[in-house]
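Trainee: I'll drop the sequence and a predicted model, then ask my questions.
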Amino acid sequence: MEKLGVCDYFTLQQAGVLINHLIRLNEIGSTIDEETRELSANILHLVSLPKLINVLCQPMSPMAFVPLCKTATEIALKNQALGHAPYLSSYHLNPTEYPSPQVLFVHLLISSLMPYKTKEFGINSLWLLYALHPFNSLHPVIHFKLGQVWTREIPDMIHILEKHTKEDLIQKEWEKRLLLGDALVE
């Protein structure tokens with residue numbers, strides 16, 4: 001599988017079956033041994049970020065969401081470190097093939113509603129959201145106010161989740177902050 005990824009097999013339409021298999025191997029709670037899980041996670045790094053984002057935004061097992069978010073975040077940060085434009089800077093031009101920045105933003109925010117689902121659901125959603133922010137882009141792809149939320153509020157929300165646990169986070173306040181906060185409704 002790794003050799004296929006190195007040869008750009010994952011860019012082909014028929015690669016979906018293999019990508020779905022790799023995702024199933026990475027699901028939390030799968031009975032696969034740790035070595036196989038780690039190998040499949042490394043192979044997932046060979047899948048393009050747009051394909052991972054596309055799979056991430058499709059309805060699927062929530063047990064695959066956290067590993068996919070982690071992988072996509074690592075790829076996005078690696079791309080940024082190499083000076084590549086973020087995911088949103090060009091893929092918004094293909095709205096029928098890839099999720100728009102607005103759809104992705106809403107999807108990841110809603111995924112953060114229950115932040116401790118499978119332990120790390122919310123924090124991984126927010127880290128991915130933050131890693132994908134489009135402000136290094138040459139093309140504006142989101143409204144200015146949404147962009148401000150993206151850069152200012154997301155780090156604050158990550159910090160909140162890092163310092164709380166499922167037991168001491170007040171869910172109603174979290175939901176208000178996440179969905180109804182002043183920055184989101186201005």
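Mentor: Received the coordinates, thanks.

Trainee: which non-adjacent residue is nearest Lys70?
Mentor: Nearest-residue entry for Lys70: Asn124, 5.9 Å, with adjacent residues in sequence omitted and distances by C-beta to C-beta, 6 or more residues apart in numbering. Bear in mind the C-beta positions are built from the backbone N, C-alpha and C, glycine included.

Trainee: mind listing what that neighbour touches?
Mentor: Asn124 is in contact with 65-66, 69-70, 73, counting by C-beta atoms under 8 Å, 6 or more residues apart in numbering.

Trainee: how far away is it from Gln171?
Mentor: Distance, Asn124 to Gln171, using C-beta to C-beta, to the nearest Å: 18 Å.

Trainee: now, the contacts of Asn124 that are in strands?
Mentor: Under the assignment DSSP state E, those contribute nothing to strands.

Trainee: and of those, the nearest to Arg152?
Mentor: Looking at those and their distance to Arg152, the nearest is Thr73, at 19.1 Å (C-beta to C-beta).

Trainee: ok, that closest one touching Trp127?
Mentor: Yes - under the criterion of C-beta atoms under 8 Å, Thr73 makes contact with Trp127 at 5.1 Å.

Trainee: all helices for this structure, in order.
Mentor: Per DSSP state H, the chain has helices spanning 2-6, 16-26, 34-44, 49-56, 65-81, 88-91, 101-111, 121-131, 144-148, 154-163, 171-180, 182-185. These are given in chain order.

Trainee: what's the fourth one packed up against?
Mentor: Based on contacts counted as 3 or more C-beta pairs under 8 Å, 6 or more residues apart in numbering; DSSP states H and E, the elements that helix 49-56 packs against are helix 16-26, helix 65-81.

Trainee: gap between Lys70 and Gln171?
Mentor: To Gln171, Lys70 is 24 Å away according to C-beta to C-beta.

Trainee: neighbour count: the two, which is higher?
Mentor: Regarding Lys70 and Gln171, a neighbour count based on other C-beta atoms under 10 Å identifies Lys70 as having more, with 17 against 12.

Trainee: right, I'll leave it there.
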